[in-house]
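K.L.:
Sharing a model prediction with you, sequence too.
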Amino acid sequence: MPIIDYINKSNHVKIITWEVTETNEELLDLLQLNDYRIEKYKNLRPKQAREYLGLRACLKELGVDYDVNYDEKGKPYLPTDAQISITHSYGKVSVGVSDFAIGIDIELSRPHKISNIKNKFVRLDEQEWLPKIDENEYLHIIWGIKEGLYKLNGGNLWNFLHHYRVEQFDLVENQSIICWISDHDKSQRYIAHYKMIEDHYLIWVLDYE
């Protein structure tokens, strides 16, 4: 079964994670794409084409089998009221839809790499509460939350140190984690969640305001 995780909280949020192990031919047979989508698929590079098929498979399972459009900032949107966010990592594709604005991120656990870039995305006020025990797990989650905020905000205010902040949290899956996007004029509060899917961290951030 290609679906390895399915979060379903009614219209609040639905997130499918698909392990794309099928051949392109198997996916095409499953999806039965129309002529427009077949033409789009054929014009993509191999990696992008495979990701496109994985995305279409997730959308079909989520019941939102629409064409995905992108705004001027590259943020995806659907021709419906549902909000969408998309993420890829090492053969896995996750797609989230919600009644609320949503940003999701899936990342393979890579302790050495995440530790090496810590100072590029963890603020000084976050380092004050960051525990030494299980630090790499916290780093992966903080990174994923800030990626989710970035996607949710359409790529605006891209500086992870200056504009995105995560409040102290514990390593408890599906808990609510408070996070913020701030500029010189205002701050806006968001709620993030995480869970482990095999050796990947899945994070989703929602705008309830």
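P.N.:
Okay, I see it.
K.L.:
what pLDDT does residue 1 get?
P.N.:
For residue 1, the model assigns a pLDDT of 47.
K.L.:
I meant to write residue 91 there.
P.N.:
Value for residue 91, per-residue pLDDT: 84.
K.L.:
count of neighbours near it?
P.N.:
Counted with other C-beta atoms under 10 Å, residues neighbouring residue 91 total 13. Where you see a C-beta, it was placed from the backbone N, CA and C, and this is true even at glycine.
K.L.:
Torsion angles phi and psi at the closest residue to it other than its chain neighbours?
P.N.:
What sits nearest to residue 91 in space, not counting adjacent residues and going by C-beta to C-beta, 6 or more residues apart in numbering, is residue 20, at 5.4 Å. Backbone geometry at residue 20, expressed as degrees, to the nearest 10, gives phi -80, psi 90.
K.L.:
what about residue 20, how many neighbours?
P.N.:
A total of 19 residues lie near residue 20 under the criterion other C-beta under 10 Å.
K.L.:
any idea how far residue 30 is from it?
P.N.:
The spacing between residue 20 and residue 30, counted by C-beta to C-beta, to the nearest Å, is 11 Å.
K.L.:
same question, residue 97
P.N.:
Taking C-beta to C-beta, one finds residue 97 at 20 Å from residue 30.
K.L.:
more neighbours, these two?
P.N.:
Between residue 97 and residue 30, residue 97 has the larger neighbour count (other C-beta under 10 Å), namely 22 against 14.
K.L.:
Could you find the closest non-adjacent residue to that one?
P.N.:
The shortest distance from residue 97 to any non-neighbouring residue, by C-beta to C-beta, 6+ apart, is to residue 82 (4.7 Å).
K.L.:
need the contact list for the one you found.
P.N.:
Going by C-beta atoms under 8 Å, 6 or more residues apart in numbering, residue 82 touches 64, 97-99.
K.L.:
Can you pick out the ones from the residues you listed that are in strands?
P.N.:
Judged by DSSP state E, those include 97-98 as members of strands.
K.L.:
Just among the contacts of residue 82, which is most surrounded?
P.N.:
Neighbour tally across these (other C-beta under 10 Å): the maximum, 22 neighbours, falls on residue 97.
K.L.:
hang on, isn't it packed against residue 80?
P.N.:
No. Here residue 97 does not reach residue 80: they are 9.2 Å apart, not a contact under C-beta atoms under 8 Å.
K.L.:
How about the secondary structure of residue 162?
P.N.:
coil (DSSP: H, G, I helix; E, B strand; the rest coil).
K.L.:
I'd like to know how far it sits from residue 183.
P.N.:
Relative to residue 183, and taking C-beta to C-beta, residue 162 is found at 9 Å.
K.L.:
Next: residue 131.
P.N.:
Taking C-beta to C-beta, one finds residue 131 at 29 Å from residue 183.
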